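Undergrad: need coordinates for the below:
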Amino acid sequence: MTTLHEELLRRNNFHTSSTRSWEAISGIGWHEPTPSELSLAAVRTLSVVVPAYNVSYCLPAVLDALEGQHHRHGFEVIVVDDASTDTTAAIAARHPVVTTVLRLPERAGGATARNLGTALARGQTVLYLDADMVLPPHVITDITARATDTTVLVGFRHNLPYDLHQGGRGVLAEHPQLGADHRVVWRPPVGRPLLYTGVTLTERLDGRPLDHTHDFVDLGYGQRYVDWDLPRMVVTCLVAVPRAAVLNVGGFDPEFGRIGWGMEDTYLGACLIASGLLVIPLRQVVGFHLDPPDAEQQWQRKLATWPGTLARYWDLMRRPAPTGRTHSFIAEVSELLRTCEVLRPH
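TA: Predicted structure coming up:
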């Protein structure tokens, strides 16, 4: 039986004809901010799924940015609180842009939170947005205008240290920079193993993954750019996917959340690519990622769990590519939904 890894070796990422066709129809560039009045922006429905854990320091700014979108059509915002110990759930429950708030009885991790949100979503497209990502006002229209049943639309992040954003105040007066994302400008360490592949570089590298792979086109057929491959470009801090495709592959693997941090989005990316979806970047879709006050300590805790989640990922890659799992996914998530507190009904 073909493994997930073997299936990726068969899949190209030739999305150029798709982006050029869209440009010809819309009259604007693929990477240009989209006018809110563009008729194509009304073609698909959208659900924003926000997993949230102890993000009271930044969640108001994130939700305010969603409320301030220039999009002329309705979209739903589903916040899944992962058993926070601060006021995260209360902030979400009282914000006018939020349509649904769930609270898990105990912490389960981002993968489980996103699965719950995906099960409740009514939109054809699901935008996974981290609860510390502040979006410029054109982003929702950019995504809804370009989304299809066969594409994964990838956005980017610009990290801001806490002492610069102080919970998000004044952030929207600035413009997030594309080059702040490691998938765009990447200067890896020399002399120590890289996180994903374990490759050790002996010389400095001025890495440009996005440019040097022609907007990820060259990452088809399992190709790599040093420590990056196509599944690794699917980062759920800001990524839009067809809901039906996520259900078909069984959603996120919840085991990642139990082990620690990372790789659940990479695994979802691998599953979606294996099922035939193209991964296309949107250079204009860049959000501010608002670091917490204890960012360095959190990062060290996350890195400590990385070997376990990476091992889980490669174990799954040696198994058959998942497909036909919609029914079982809905059944499993429905069982979990019964244990959740509903702070704002769907």
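Undergrad: can you tell me which residues contact residue 192?
TA: residue 200 (Cβ atoms under 8 Å, 6 or more residues apart in numbering). Every C-beta, even on glycine, is put in place using the N, C-alpha and C of the backbone.
Undergrad: how much space between it and residue 208?
TA: Separation of residue 192 from residue 208 (Cβ to Cβ, to the nearest Å): 21 Å.
Undergrad: cool, and residue 331?
TA: Using Cβ to Cβ, we find residue 331 at a distance of 44 Å from residue 208.
Undergrad: name the residue in these two with the higher neighbour count.
TA: residue 208 (14 against 9; other Cβ atoms under 10 Å).
Undergrad: what about the nearest residue to that one once chain neighbours are set aside, how many neighbours?
TA: Closest residue to residue 208 apart from its sequence neighbours, by Cβ to Cβ, 6 or more residues apart in numbering: residue 185 at 6.5 Å. By other Cβ under 10 Å, the residues close to residue 185 number 16.
Undergrad: residue 185 reaches residue 177, doesn't it?
TA: No: if you go by Cβ atoms under 8 Å, residue 185 and residue 177 don't touch, sitting 9.3 Å apart.
Undergrad: quick one, what contacts the residue nearest to residue 208?
TA: Residue 185 neighbours (Cβ under 8 Å, 6+ apart): 179, 207-208.
Undergrad: for stretch 259-276, what is the distance to the chain centroid?
TA: 10 Å (Cα atoms, centre = their mean, to the nearest Å).
Undergrad: should've said stretch 115-129
TA: With Cα atoms, centre = their mean as the basis, the mean position of stretch 115-129 lies at 12 Å from the chain mean.
Undergrad: before we move on, what about stretch 79-88?
TA: In terms of Cα atoms, centre = their mean, the centre of stretch 79-88 is found 19 Å from the chain centre.
Undergrad: run through who's touching it.
TA: With Cβ under 8 Å, 6+ apart, stretch 79-88 has contacts from 49-56, 59, 89, 92, 98, 100-110, 112-114, 116-117, 131, 343.
Undergrad: what about it, start to end distance?
TA: Using Cα to Cα, to the nearest Å, one end of stretch 79-88 lies 10 Å from the other.
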